[in-house]
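# just need the structure, nothing else, for what follows:
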Amino acid sequence: MKIFLVVSFIFLSVSLLADDKFLQVSGECKVDVIPDRLSVSYQILVNHKEAQKSLDEAAKKNNSIIEKLKNKFKEIEISTLSYSHGPRYEWENNKRVYKDITTQYRIQVTLLNTKIVGEVLTMLGSEKLENLEGPNSFVSKELSKETYEKCLSIASADARSKADYLAKLNGVKITKPIKILETETTMQMPVRMEMNMMKSFGASADAAPVEPNIEIGKQEFNSKITIYYGIE
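Model prediction:
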């Protein structure tokens, strides 16, 4: 705490120039925000000698999973990140050899309610997908705006408190702000969590699937402003 105060007061200054009388102070806000959104992504990969069968099998599997997700979870958004369909080759004896036709879907599921993440991962894991990654946490636009405005209010109050203290120490009176600058606003980037689910996840019909416990953590929101107050 002592270090923070020393750093903060470095930015405080009082100018008593003949033509321009002002007091410059900085205000800062640091708050922790719990992300209100999570996303997971999965991949469907089908290889088949016949192009149409590769297409049909991949589409059937993808449609089935999406239908299950929508029927079970209402607070989700589903989007297709990528889709590809084409021949697959492998190198054998220094030459490229045709193997089959590959159809791939990469789907992202955004959770509007972070509490259902364990259920979503358990359900997707039971589908024996090629890859299941996430969850990745992030803050929604609504929460970001709310936190930003809250932080500006805290930073403004911090700056005013410093200005009042300095004015009292120096025997001057504060008037209205001459200039207000927003010098910094940052939000710590979310930590990417990866979970690669093996094909055997949830494969046993006799054992009930174990729901993973996911800790979301927090993100730090930081805002700084500089205010120039007139003095007399």
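# the helices in this protein, which residues?
Per DSSP state H, the chain carries helices over the ranges 2-10, 51-72, 117-125, 141-170.
# going by mean pLDDT, which of those helices comes out lowest?
If these are sorted by mean pLDDT, helix 2-10 sits at the bottom with a mean of 37.
# can you list the domain ranges for this structure.
2-34+142-188+221-231, 37-138 (automatic domain parsing).
# quick one: closest of the ones you listed to residue 213.
domain 37-138 (6.6 Å; Cβ to Cβ). (C-beta placed from N, C-alpha, C; glycine too.)
# what about that closest one, start to end distance?
5 Å (Cα to Cα, to the nearest Å).
# make 23 the starting number, not 1.
OK, 23 is where the count begins now, so the last one is domain 59-160.
# how far off centre is that domain?
22 Å (Cα atoms, centre = their mean, to the nearest Å).
# now the domains of the chain in CSV, with distance to residue 237 and mean neighbour count?
Listed next are these as CSV, based on distance: least, Cβ to Cβ, whole Å; neighbours: other Cβ atoms under 10 Å:
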stretch, distance to residue 237, mean neighbour count
domain 24-56+164-210+243-253, 11, 15
domain 59-160, 10, 16
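# of all these, which lies closest to residue 236?
Comparing the domains of the chain under Cβ to Cβ, the one sitting nearest is domain 59-160, at 4.9 Å.
# bridged to the residue nearest to the spatial centre of the chain, which residues?
When Cα atoms, centre = their mean is applied to the chain, the residue found nearest the centroid is residue 160 (2.0 Å). Beta-bridge partners for residue 160, by DSSP bridges, are residue 59.
# that one contacts residue 55, correct?
No - here residue 160 lies out of contact with residue 55, judged by Cβ atoms under 8 Å, at a distance of 10.4 Å.
# can I get the domains of the chain in JSON lines including distance to residue 234?
Listed next are those as JSON lines, based on distance: least, Cβ to Cβ, whole Å:
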{"stretch": "domain 24-56+164-210+243-253", "distance to residue 234": "19"}
{"stretch": "domain 59-160", "distance to residue 234": "5"}
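# so which of the ones you listed is nearest residue 233?
Minimum separation from residue 233 across those (Cβ to Cβ) falls at domain 59-160, 4.1 Å.
# reformat the helices of the chain as TSV; add distance to residue 102.
Listed next are those as TSV, based on distance: least, Cβ to Cβ, whole Å:
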stretch	distance to residue 102
helix 24-32	47
helix 73-94	9
helix 139-147	15
helix 163-192	22
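# go through those and name the closest to residue 205.
helix 163-192 (9.6 Å).
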